[in-house]
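# 3D, please:
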Amino acid sequence: MAKKPLTKRQEKAIETKNRIYNAAINLMDRKGFEKITITDISKKAGVSVGAFYHYFKSKNDILAEIFRKADEYFSTQVISSLKKRKIPSRIVEYFNHYAKFNVATGVETTQQLFNPKIKFFIKKDRPMITILQDLIRKGQEKKEIRSNADPEELARLLFTLARGVVFDWSLHEGRYDLEAAMEKYMTILVSTLKK
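Below you'll find the model as predicted:
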């Protein structure tokens, strides 16, 4: 069944929401998340404060949108590209996509996100996390991944390393190849998970 084309009003609403989101990201990169206000975001986007609240309930919804976009990327693009190899190789490839997403997000935004007050990283039902857990579970069923730890624990271990690599990259202002570093470290860690 074909999707109906968007009306002009729907297109305008999407454009306005994106403008607000992009203005917030731009300000966050320059000033830091804690220092920007909804008034700042609205002014930068060229909309009223009321328009901001029409699309976002709070400033934290901007952060939620970043994580929603990551989950959508993993659900729609990454999962379909991980079907050709053994599970350990798919896990390494999964984290190559994680590195690419962080590079695309930008080092400045990534620096703002790596804050212990931002709990979206550890929200258990996020598609990004459940996709990895499912991969690990399949690897255990196929006897390609050790089964002395449950998929949730192994996913946490892998994400702890991956976030550490991204955090180090952001500490170094993005001056090295994050994708190459992620592949190197994940290949080492995943080799220890093989049966």
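
# now do the longest helix along the chain: which elements does it pack against?
Secondary structure assigned by DSSP state H gives helix 8-31 as the longest helix of the chain. Where contact means 3 or more Cβ pairs under 8 Å, 6 or more residues apart in numbering; DSSP states H and E, helix 8-31 is packed against helix 38-45, helix 49-55, helix 60-73, helix 107-113. To be clear about C-beta, it is placed using only N, CA and C from the backbone, and glycine gets the same treatment.

# can you add mean pLDDT and give those helices back as TSV?
Below are the helices and strands packed on helix 8-31 laid out as TSV (pLDDT from 0 to 100):
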stretch	mean pLDDT
helix 38-45	94
helix 49-55	94
helix 60-73	88
helix 107-113	85
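
# which one of these is the most hemmed in?
Most buried of the helices and strands packed on helix 8-31, by mean neighbour count (mean count of other Cβ atoms under 10 Å): helix 107-113, with a mean of 20.

# residues touching that one, excluding its own?
25, 28-30, 32-33, 63, 66, 102, 105, 166, 169-170, 173-174 (Cβ atoms under 8 Å, 6 or more residues apart in numbering).

# now the helix or strand following that helix: average pLDDT?
Using DSSP states H and E, the helix or strand that directly follows helix 107-113 along the chain is helix 127-141. Average pLDDT, helix 127-141: 94.

# keeping just the C-alphas, turn the next helix or strand after helix 127-141 into CSV.
Using DSSP H and E, the helix or strand that follows helix 127-141 in sequence is helix 151-171. Presented in CSV, the C-alpha positions along helix 151-171 are these (Å, rounded to 0.1, in the frame of the first residue of the first chain):
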residue,chain,number,x,y,z
PRO,A,151,22.8,-11.3,26.2
GLU,A,152,21.9,-8.3,28.4
GLU,A,153,25.2,-8.5,30.3
LEU,A,154,27.2,-9.0,27.1
ALA,A,155,25.5,-6.1,25.4
ARG,A,156,26.3,-3.9,28.4
LEU,A,157,30.0,-5.0,28.2
LEU,A,158,30.1,-4.2,24.5
PHE,A,159,28.4,-0.8,24.9
THR,A,160,30.7,0.1,27.8
LEU,A,161,33.7,-0.4,25.6
ALA,A,162,32.0,1.3,22.6
ARG,A,163,31.0,4.4,24.7
GLY,A,164,34.5,4.5,26.1
VAL,A,165,36.0,4.6,22.6
VAL,A,166,33.6,7.4,21.5
PHE,A,167,34.2,9.3,24.7
ASP,A,168,38.0,9.1,24.1
TRP,A,169,37.5,10.3,20.5
SER,A,170,35.5,13.2,21.8
LEU,A,171,38.1,14.0,24.4
